[in-house]
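Undergrad: Could you look at this predicted model? Sequence included:
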Amino acid sequence: MHIAIAGNIGSGKTTLTGLLAKHLKMEAHYENVEDNPYLLDFYEDMQRWSFNLQVYFLQNRFRQILEIRKKGKNVIQDRTIYEDAYIFAPNLYNMGLMTTRDYNNYLELFNLISEFVKPPDLLIYLRASVPVLVKQIQARNRGFEANIRLDYLKRLNDRYEEWIEQYDLGKLLIVDVDTCNFIEDEEALGEIINGIQAELFGLV
């Protein structure tokens with residue numbers, strides 16, 4: 001069983017991954033943030049480092065998917081490979097922060113890799129407004145995120161909504177983070193778990 005959690009920066013993906021892994025007795029696979037060699041440079045100069053960052057994420061997530069497949073365990077994954085290609089890379093391109101040459105090169109690489117990728121059995125999308133994203137980003141206080149622009153978060157949110165509206169790779173569960181405080185409210189977390197069981201097994 002492969003459950004993946006998608007959502008904008010600060011939506012709570014890592015936290016929910018850990019909580020669900022504990023309650024559902026599944027193995028957690030987290031996004032590699034702390035060891036990312038490009039994140040700090042990217043937030044200081046997006047145009048210079050956008051292509052490097054996206055290629056790093058692409059290869060890192062593909063490696064993660066291969067590890068998940070090799071182990072054959074029930075896993076929960078923090079962020080998907082699709083978000084890189086359908087949200088972050090095109091957003092950078094349309095903002096003029098990635099050249100056409102680099103963007104086309106990136107898409108060719110993603111299309112090649114995607115032939116070897118199996119979609120998750122269930123995708124959980126964490127929908128959150130920009131004010132909530134900002135609040136949670138500030139609360140976790142990662143130094144490299146201090147320079148994230150509000151318009152950047154808003155553009156990402158718009159792209160997430162477009163992607164989710166057309167998502168057809170498997171089962172989908174949408175969680176409204178603005179009203180579902182699963183971090184502090186066990187009942188809210190229970191509602192998410194019930195939703196997962198309903199989507200995967202038809203249980204309520």
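TA: Arrived safely. In this text, all values refer to a predicted model and were calculated from it rather than measured experimentally.

Undergrad: Can you classify the residue nearest to Thr99 when sequence neighbours are not counted by secondary structure?
TA: If the residues on either side of it in the chain are set aside, Thr99 comes closest to Phe51, at 7.6 Å by C-beta to C-beta, 6 or more residues apart in numbering. To be clear about C-beta, it is placed using only N, CA and C from the backbone, and glycine gets the same treatment. Reduced to three states with DSSP: H, G, I helix; E, B strand; the rest coil, the structure at Phe51 is helix.

Undergrad: which residues does Phe51 contact?
TA: Residues in contact with Phe51, defined by C-beta atoms under 8 Å, 6 or more residues apart in numbering, are 98-99, 102-103, 105-106.

Undergrad: Look at Lys25 and report its pLDDT.
TA: At Lys25, the predicted lDDT confidence score is 93.

Undergrad: what's the neighbour count on it?
TA: Residues near Lys25, counting by other C-beta atoms under 10 Å, number 8.

Undergrad: where's the closest residue to it other than its chain neighbours relative to Ile113, distance?
TA: The shortest distance from Lys25 to any residue other than its chain neighbours is 7.6 Å, reached at Asn74 (C-beta to C-beta, 6+ apart). When C-beta to C-beta, to the nearest Å is the yardstick, Asn74 and Ile113 sit 24 Å from each other.

Undergrad: Contact partners for the residue nearest to Lys25?
TA: Counted by C-beta under 8 Å, 6+ apart, Asn74 has contacts 1-2, 24-27.

Undergrad: okay, which residue is most central for this protein?
TA: If you average the C-alpha coordinates of the chain and look for the closest C-alpha using C-alpha atoms, centre = their mean, you land on Arg79, 2.9 Å from that point.
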